[in-house]
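In: coords please:
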Amino acid sequence: MAEPAEITVYTDGAAQGNPGPGGYGIVLISGKHRKEISQGYKLTTNNRMELLAVIVALEALKIAGSRVTVFTDSRYVADAVEKGWVFGWEKKDFKKKKNPDLWKRFLEVYRKHSVKFVWVKGHANIRENEVCDRLAVEASRSPDLLDDKGYEQDNG
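Out: Sure, this is the predicted structure:
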């Protein structure tokens with residue numbers, strides 16, 4: 001059985017128009033390994049992309065129980081978890097909350113690992129955060145954008 005890994009994750013989300021075309025960028029770092037992930041969507045919001053970035057990063061981890069530190073410039077995501085709001089929302093089945101599809105998906109993968117969030121100031125020359133920002137913006141402008149089905153269902 002593999003030892004739980006120490007993993008550092010940087011994430012960022014972007015939307016041009018909010019709602020509009022959007023994307024996320026992720027940098028995963030574990031020891032000497034580094035991986036970048038990004039994807040763009042036709043119509044979405046900045047908050048959905050910020051949250052989806054964290055979800056995809058956690059879903060990419062192969063070893064359950066990994067110790068993960070997520071660096072994000074999204075207060076929406078960091079505060080919802082670190083201040084415990086999302087667990088209250090869950091008890092109320094996310095009534096009157098935006099993005100319930102993503103929060104439910106987040107909680108499922110969040111509970112497989114030991115995750116802590118660190119909020120970082122965006123556009124403050126934090127190298128990996130800047131990489132994520134560039135990946136997210138580039139993804140939002142790519143020609144092969146996906147449909148954000150959750151956004152479309154809630155707002156269609």
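
In: Thr132: what's it in contact with?
Out: Residue 132: Cys, not Thr. 10-12, 24-27, 53 (Cβ atoms under 8 Å, 6 or more residues apart in numbering). All C-beta atoms are positioned from the backbone trio N, CA, C, and that covers glycine.

In: distance of it from Ala53?
Out: 7 Å (Cβ to Cβ, to the nearest Å).

In: Can you give me the neighbour number for Asp154?
Out: 13 (other Cβ atoms under 10 Å).

In: in the host helix or strand of Arg134, what's buried?
Out: Using DSSP states H and E, Arg134 sits in helix 127-140. Buried residues in helix 127-140, counted by 16 or more other Cβ atoms under 10 Å: 128-133, 135-137, 139-140.

In: Same check on stretch 78-91?
Out: So stretch 78-91, judged by 16+ other Cβ under 10 Å, has buried residues 78, 80-81, 86, 89.

In: can you list those in a markdown table and add distance to Gln16?
Out: Shown next, in a markdown table, are the buried residues of stretch 78-91 (distance: Cβ to Cβ, whole Å):
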| residue | distance to Gln16 |
| --- | --- |
| Ala78 | 23 |
| Ala80 | 24 |
| Val81 | 26 |
| Val86 | 27 |
| Trp89 | 28 |
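
In: Filter those residues down to the ones in helices?
Out: Taking DSSP state H as the definition of helices, the buried residues of stretch 78-91 contribute 78, 80-81, 86, 89.

In: Which two among those residues are spaced furthest apart?
Out: Ala78 and Trp89 (15.1 Å; Cβ to Cβ).

In: quick one: common contacting residues for Cys132 and Ala53?
Out: Joint contacts of Cys132 and Ala53 (Cβ under 8 Å, 6+ apart) are 11-12, 24-26.

In: from those, which is closest to Pro100?
Out: Tyr24 (18.5 Å).

In: Figure out how far the helix or strand that closest one falls within is from the centre of its chain.
Out: Counting by DSSP H and E, the element that carries Tyr24 is strand 20-30. Mean C-alpha position of strand 20-30 versus that of the full chain (Cα atoms, centre = their mean, to the nearest Å) differs by 7 Å.

In: What is the following helix or strand past that strand packed up against?
Out: The C-terminal neighbour of strand 20-30 among helices and strands, as given by DSSP H and E, is strand 33-44. Other helices and strands packing on strand 33-44, by 3 or more Cβ pairs under 8 Å, 6 or more residues apart in numbering; DSSP states H and E, are strand 20-30, helix 46-59, helix 127-140, helix 149-155.
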